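Novice: sequence plus the predicted model coming up.
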Protein chains: 2
Amino acid sequence: MTDGYQPSPLVYSFGQGRADGTSAMKETLGGKGAGLAEMTNLGISVPPGFTISASLCQTWIDTGAFPSRLNREIDLAMQRLEAETAKEFGGADHPLLVSVRSGAAVSMPGMMETILNLGLNDITVEGLAARSGNPAFAWDCYRRFVQMYASVVLEVPKAAFDVVHDEALAAHGVSRAIDLPTAALKTLVVRYKALAAERSIGEVPDEPLAQLYGAISAVFASWNTRRAIDYRRVHDIPDTLGTAVNIVTMVFGNLGEGSGTGVTFSRNPATGEATLYGEFLTNAQGEDVVSGARTPEPIAALRERMPSAYQELERMSRTLERHFRDVQDMEFTIENGQLYMLQTRRAQRTGQAAFRIACEMVTEELISEEEAVARIPPGALDQLLHPTIDPGAALDRLGSGLPASPGAASGLVTFDADDAAERARAGEAVILVRRETSPEDFHGMVASKAILTARGGMTSHAAVVARGMGKPCIAGATELDVDEAAGTITAGERTVRQGEWITIDGSTGIIYLGQADLLTPELDDNFHTLMGWADRIRPMKVRVNADTPADAHRGRDFGAEGIGLCRTEHMFFQGDRLLAVREMIIAETPEERQKALAKLLPMQRGDFESIFRAMEGYPVTIRLLDPPLHEFLPNDPGEQEALAEQLGRPIEAVRHAVNRLVEQNPMLGLRGCRLGIIHPEITRMQVRAIFEAACTVAGRKGRVQPEVMLPLVATVVEFRRQALVVREVAEEVFRERQLTVPYLLGTMIELPRAALTADEIAREAEFFSFGTNDLTQTTWGLSRDDSSQFLPYYLEHGIIDQDPFQTLDVAGVGRLVQMAAEAGRRTRADLKLGICGEHGGDPASIAFCETLKMNYVSCSPFRVPIARLAAAQAALAMRGTVDRTRATV
Amino acid sequence: MTDGYQPSPLVYSFGQGRADGTSAMKETLGGKGAGLAEMTNLGISVPPGFTISASLCQTWIDTGAFPSRLNREIDLAMQRLEAETAKEFGGADHPLLVSVRSGAAVSMPGMMETILNLGLNDITVEGLAARSGNPAFAWDCYRRFVQMYASVVLEVPKAAFDVVHDEALAAHGVSRAIDLPTAALKTLVVRYKALAAERSIGEVPDEPLAQLYGAISAVFASWNTRRAIDYRRVHDIPDTLGTAVNIVTMVFGNLGEGSGTGVTFSRNPATGEATLYGEFLTNAQGEDVVSGARTPEPIAALRERMPSAYQELERMSRTLERHFRDVQDMEFTIENGQLYMLQTRRAQRTGQAAFRIACEMVTEELISEEEAVARIPPGALDQLLHPTIDPGAALDRLGSGLPASPGAASGLVTFDADDAAERARAGEAVILVRRETSPEDFHGMVASKAILTARGGMTSHAAVVARGMGKPCIAGATELDVDEAAGTITAGERTVRQGEWITIDGSTGIIYLGQADLLTPELDDNFHTLMGWADRIRPMKVRVNADTPADAHRGRDFGAEGIGLCRTEHMFFQGDRLLAVREMIIAETPEERQKALAKLLPMQRGDFESIFRAMEGYPVTIRLLDPPLHEFLPNDPGEQEALAEQLGRPIEAVRHAVNRLVEQNPMLGLRGCRLGIIHPEITRMQVRAIFEAACTVAGRKGRVQPEVMLPLVATVVEFRRQALVVREVAEEVFRERQLTVPYLLGTMIELPRAALTADEIAREAEFFSFGTNDLTQTTWGLSRDDSSQFLPYYLEHGIIDQDPFQTLDVAGVGRLVQMAAEAGRRTRADLKLGICGEHGGDPASIAFCETLKMNYVSCSPFRVPIARLAAAQAALAMRGTVDRTRATV
């Protein structure tokens, strides 16, 4: 026996202005229990009670039993409650009634909610009736208890009780049970009990202690309901956390018109306005508000009805908000004019409210600018930046897919990129629907309001391009059968035809039939103020992935400080360029190829000029040609013939080129710097275009910072070979123009081998940009185009926690990134590091980049504000000055 | 000025039984110079001379000049030569003549060979004539010198001199220049000189010192001829090595019938027999032997003609062999009966000779068993294990490709697997010729003598399968246009049709027209003795990659100690299994799939039984189904229809399955353990087959060690999921059979992520088998099927030194392997480690495995002896007890 050992208590009491716990003990007490303890300590009027530690939850689940110590502690806590209230649990004269509620450290739907009025039986109900002088109230409380216990503990469906209940009301012509004659209420209790016994393997116990342990067990058991487990999976909440159990002395909102119950927010959670916001019901218990059986009144009405209770509520709201330094979501009950607070927690809020509240709290000197920044959930920005479906709209759901690019849009269904472009020119709103998209569909995607694909994942071609353009997109809608030839979408029994309206919500992944009203976002001053603070806090720069002058401008508008990835091949798909590109690919001699390249040169140069100008002197990272050449050639025999005619070449030449370039695994084939090494003339043309454009802009007193990036480097020798060409052409142009533009020459780190040999590569490369899309594909041996066959299964079955294409896989890919960052900087101390994959716009991945002290992250234009905010939050988390967890709850 | 500093000498003299250098100074003196120094030190009769350090070669190439110190050192060395020989360089009375030869540390064709008789001019020739009393000899020497100098230094083609020379012989009706009248020889010298001046920008200098410096410069310059550079590239010799220059006093084999010159080996290099072997010419200089103008006599004839010189040669040969402890390849000259040794070096030898010599030298106690093992070049085994083309055959070369699987074969050209199988059944020898092969061609490959493909690399499907079967294969023969539809191979102007004979040599990559005589290998006692020593030395086990009972038997015959990789899917392609496999894939319900799997179960079980029996208790690692399912389905519409009929299903079901399974990058798609996770019923069937077979064999007192291997694991959770199924089914079978068979459960490490998280995976996995084929593909982002578009270019242009699919890329892939091996063993000290990729049969890669102390390597049956030898050599190299470099020269 160790003599000084004191095990942690299992039960924490609160009441009489003193609590065993505090708000810091969320893990043990759960959010609700911690709030009750803290409110008690603050002197706020809270009914006394106690909380059973969440640490017991797992024990109960594993063993189905409680340690004997718990019984002793519960006995003591109940004795204390009896002493404080001068009531007796199970007492015939003055019975003590309690509520029992679950409450985990993280707010979580799906768990058992509440059992009220616990402690009532045929004997105690008479005591309550006598003491309150209100038998109808007492029997209504008993009725409610039996129904709640039967539903929650015995799992009898609530609907069964509703039938009996509604029959009784109808029989007596009343609309509320409380208005029933007492005898009818007694009969209801008897019928409820019989129903419970009949429809379950147990019954509602009479013994109050048996009621209490039954309720406690039910709370713990509710931790493992299907819905609770699913919720935890989705929100990444550990199963081992467990829930606490709160046992609180009943106060009654249903004692008459001087009583009531309600929910209020310390500020308006929809707009952020700094006034009480909420609703209440007179002569009611909490469940009446929740169930929606009666329509509550707005909280302002309480000011008229019970002015002193309202003032007290305002005072408590202010106290709690000042104390917790955040907007509170509170439950209260008024018992005969006396206000009791039953719960307080951090309030959820809309994106718009989040910004207003954060800014106003800074003005009120309640929180610092850093805290304001740390508090905005990055997801809130999605709401602010994209159209949403009017919540009032009546919608007919067709099916769902992956929420691949946020925002909502309505449009006419089209299955063909050319058709989409044509209708868009005619002023029609269209949504491009395809089994999957390919680069050839690009112009159709540009013309559409939104994109819907039946196949592909969150990082499929459609998804990536849509996010890049800020257009809504749903991908991998496998429930839909998209028949492009027939021009139909089939979902079960229903068919949508070409030219019919659909609406898609890219934030939720749901597809609706018909056209819906949309709400367009507005960015207000609060947004700009707060983003300004974020920008001052973050050391990491935020750049944009932009392939066109339009993207570049959009990126600047969203606050991008440069371009982190300019994919030159995207320019190749536009207009008459594609023809020249195809001519170059089909060329059989270097001379022919040179001729085609000469046509491309002025086009690329023009693009680069516009992009450099748009970026106003900020750095622009240009990646040289990356994709396999066959992506530029048509697969369709008809298009091949048309191309042969356009180029004035035999059809065999076109077919031969297509066949020659076919690859088993194009992802792992002739692409990236391999192309430039085999065909240095392509590199020469691109580099010449870059530096001619840079000289032109610089020559007119513009500032320009080109960064030339070599893709898919696996060995330092590849880098050296291409670097020779780049430097030679740059010097050539500088000599011709009599002007030197400083530039950097670096590489994508997108192959495991590049990461593993980063020390060598850093001897030559001046920057690394982590191409984490391809790095994830190769590290996992996982093609994102093909992953829809099993990645959804993996996510659903918990084989992986997160889609590695959305959130950087720190254990695998992240380890390579870290090795490369560290090795690279050991070789070259001033090596510039950035990330330009899809992960550059993902907050968790941005936080990882901050731990490596990267210079910048780069993402699609519409993710730039999110990245700015996430980068600031990551920096704050690293400094440890604010509670990071708050921003992501 | 530092007072004690002495720069390294640039010139190293030898002569009078004392040399400045030794045989240890190969880097400085080159092989030839080191040999001359060492022979001098051994008291062997060597003409005095000196060697100019190879360190000057790079200086000369970079600057085109010599440091002035060199001139002083050459002057001193020449003075010493004059003193020792009592002759004078450029002296009219008793002229000193020298030879000048190149000689790098590594023997290397393509560099300047020899200039003899340097120091002769119109004056010194008269001195030589007078002193020798043989004017014809003197003028013949002069003629030779002019011609050699003009050819080698002035780069005048030798053919030009041959014309003049042959005219002179014809005019005088003699067959050797030496038999010409002196006047005619003088005329020849004049005409040679004129020709040299006319055909070059220089002339042959008269001044002996100018001749000397010209020759030295020419030696250094020859280091950078195209041929020399190419040779270095192919043989991985650093460009910075440089060549030394040897200047040696002339001795004359052309002084009459008592003189001569020759080349001899201390043992027969073709058979290994321990007698002098070589040839000689009387009254000749070295170039006569080399040029082939006169036919030399076998060395045995020397015994008759000059018995004392022959005895002296035998004595010197023994001395040198005992000293160098290896067979010597020597050049000698006899001047008036006096024997001089001009060069000695390690002798090249055939595979058969290598074994005999090594074994006999152990018997003679000249070398240890370890040294014997270390000395066999692993490539020598290829010669011993595969048929070779009779060196006497007259062959008509058609073209060449990559030497993808060693050995030679002749056969009738066929372009179709079915046709190949049919003709083979009819007893015809066929060679399957395809653009590339796919698993559907497997039965045709089995039926063929050899395989030839126009596309694909050393690790293409054709190459891998051919090596696995030990059949000759040439892959990537891009010079050939293979038109399967037309049934023709076109190479330039020539066309080979279906049914015509070709011969291919898979060891050289050369394709010949017609049928050639082949030599079949025999394994003698020496082979078995030496391999026995190797087996005792190596700590690493050698296993075989075997998918069939036949392969397993073959592996055992070659000495494999288990199966490292049994690919269960290869069994699926055989006979009626394919139909059942297709039925399983096309199944639309679990029940249908179950039915198809039930058909496969007894077939797989039967295979495993035979394999377990063949391996006689050695461990058998069985990999569960790995390839994407679409590999098993026919792509051809006709075959799809036939399949639908066979299965009694609508054609749409077949087409639907084919379309559903199409992947953009099958290498990175639904395969490996992903299949088993999505379709656990497949895993169940395979595991049941394994353990039922194991129990059957074990039940009949057989020993059996199954090792179940999960493919393509990326995360430990995947492993856990599949491990549950494997363990459950194993227990099920053990219960049914009332018998427990111990087994291991492990995984392939073939994805970077698996290597990076090996510590976690090792918590569950009992062994790691490095699948370095796929690991190389993913680490490099390089599909081996598609790499033929650029990998050959990369190799040719020095962007990579070695094909990473042939020799493990230590810096990249090797780093991952090392990380995984170390992390895995930290987690689980007794983790079994092996390698089962193509690299398991590559000596350099095996050496890397030895550094990681792997438990075993596994390779295709025909590589097993090579792996046994290489593993022993790697162990010896790690111990540092023998000079490892000797084995690979």
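Specialist: That came in fine, so what should we check first?

Novice: where does the residue of the stretch 351-500 of chain A found nearest chain B land in three-state SS?
Specialist: Residue nearest to chain B within the stretch 351-500 of chain A (C-beta to the nearest C-beta): residue A:436, separated by 9.4 Å. C-beta here means a position set from N, CA and C on the backbone, and glycine is covered the same way. At residue A:436 the chain is in coil, as set by DSSP: H, G, I helix; E, B strand; the rest coil.

Novice: ok, now residue A:712?
Specialist: coil.

Novice: count residues in the vicinity of it, would you?
Specialist: Residues near residue A:712, counting by other C-beta atoms under 10 Å in any protein chain shown, number 26.

Novice: state the distance from it to chain B.
Specialist: 6 Å (C-beta to the nearest C-beta, to the nearest Å).

Novice: wait, that residue sits on residue A:774?
Specialist: Yes - under the criterion of C-beta atoms under 8 Å, residue A:712 makes contact with residue A:774 at 7.4 Å.

Novice: which residues are common contacts for those two?
Specialist: Shared contacts of residue A:712 and residue A:774 (C-beta atoms under 8 Å, 6 or more residues apart in numbering or on different chains): A:748, A:750-751, B:781.

Novice: helices and strands around the helix or strand hosting residue A:754, which ones?
Specialist: Element membership for residue A:754 (DSSP states H and E) is helix A:752-756. When contacts are defined as 3 or more C-beta pairs under 8 Å, 6 or more residues apart in numbering or on different chains; DSSP states H and E, helix A:752-756 sits against strand A:744-749, helix A:772-780, helix A:815-827, helix B:772-780, helix B:815-827.

Novice: before we move on, back to that, let me have the shared contacts of residue A:712 and residue A:774 in CSV, extended by distance to residue B:281, neighbour count and pLDDT.
Specialist: Compiled in CSV, these are given as follows (distance: C-beta to C-beta, whole Å; neighbours: other C-beta atoms under 10 Å in any protein chain shown; pLDDT from 0 to 100):
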residue, distance to residue B:281, neighbour count, pLDDT
A:748, 64, 30, 97
A:750, 64, 27, 97
A:751, 60, 30, 98
B:781, 59, 25, 96
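
Novice: now these as TSV including distance to residue B:546?
Specialist: Output for the shared contacts of residue A:712 and residue A:774, formatted as TSV (distance: C-beta to C-beta, whole Å):
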residue	distance to residue B:546
A:748	41
A:750	37
A:751	33
B:781	31
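
Novice: low-confidence stretches in chain A?
Specialist: Applying pLDDT under 70 to chain A flags the ranges A:1-5, A:109-110, A:112, A:234, A:289-293, A:459, A:881-889.

Novice: show me which helix runs longest in it.
Specialist: helix A:590-614 (DSSP state H).

Novice: and it, what's buried?
Specialist: In terms of neighbour count (16 or more other C-beta atoms under 10 Å in any protein chain shown), helix A:590-614 has its buried residues at A:593, A:596-597, A:599-601, A:603-614.

Novice: go on, stretch A:712-728?
Specialist: Applying 16+ other C-beta under 10 Å to stretch A:712-728 flags A:712-719, A:721-723, A:725-726 as buried.

Novice: so what's the residue of the stretch 351-500 of chain A closest to chain B up against?
Specialist: By C-beta under 8 Å, 6+ apart, the residues touching residue A:436 are A:453-456, A:460-462, A:785.

Novice: ok so, going back, figure out which of the helices and strands packed on helix A:752-756 is closest to residue B:861.
Specialist: Comparing those against residue B:861 with C-beta to C-beta, the closest turns out to be helix B:772-780 (17.2 Å).

Novice: buried residues, the helix or strand that comes right after that closest one. List them.
Specialist: For helix B:772-780, the succeeding helix or strand toward the C-terminus, using DSSP H and E, is helix B:791-796. Going by neighbour count (16+ other C-beta under 10 Å), the buried part of helix B:791-796 is B:791-792, B:794.

Novice: got the residues of the stretch 701-850 of chain A near chain B?
Specialist: Residues of the stretch 701-850 of chain A lying close to chain B (C-beta under 8 Å from any C-beta of the partner chain) are A:712, A:714-715, A:717-718, A:721, A:750-753, A:756-757, A:760, A:774, A:777-783, A:785-787, A:789-790, A:793-794, A:798-800, A:809, A:811-813, A:815-816.

Novice: which of those count as buried?
Specialist: For these, buried by 16+ other C-beta under 10 Å: A:712, A:714-715, A:717-718, A:721, A:750-753, A:756-757, A:760, A:774, A:777-783, A:785-787, A:789-790, A:794, A:799-800, A:809, A:812-813, A:815-816.

Novice: related to what we said a few turns ago, so how far is the helix or strand following the helix holding residue A:754 from its chain's centroid?
Specialist: Downstream of helix A:752-756, the next assigned helix or strand under DSSP H and E is helix A:758-761. Averaging C-alpha positions (C-alpha atoms, centre = their mean, to the nearest Å) puts helix A:758-761 36 Å from its chain's average.

Novice: now for helix A:758-761, which elements pack on it?
Specialist: Short answer (3+ C-beta pairs under 8 Å, 6+ apart): helix A:758-761 packs on helix A:716-737, strand A:744-749, helix A:815-827.

Novice: about what we covered before: the helices and strands packed on helix A:752-756: which one's closest to residue B:631?
Specialist: helix B:772-780 (14.8 Å).

Novice: tell me which element the spatially closest residue to residue A:7 that is not a sequence neighbour is part of?
Specialist: In this structure, residue A:7 finds its nearest non-sequential neighbour in residue A:69, 7.5 Å apart by C-beta to C-beta, 6 or more residues apart in numbering or on different chains. In the assignment (DSSP H and E), residue A:69 maps to helix A:68-85.

Novice: what packs against that helix?
Specialist: strand A:11-15, strand A:49-52, strand A:243-249.

Novice: export those strands to JSON lines and tack on mean neighbour count and distance to chain B?
Specialist: JSON lines is the format used below for the helices and strands packed on helix A:68-85 (neighbours: other C-beta atoms under 10 Å in any protein chain shown; distance: least, C-beta to the nearest C-beta, whole Å):
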{"stretch": "strand A:11-15", "mean neighbour count": "24", "distance to chain B": "37"}
{"stretch": "strand A:49-52", "mean neighbour count": "29", "distance to chain B": "33"}
{"stretch": "strand A:243-249", "mean neighbour count": "27", "distance to chain B": "26"}
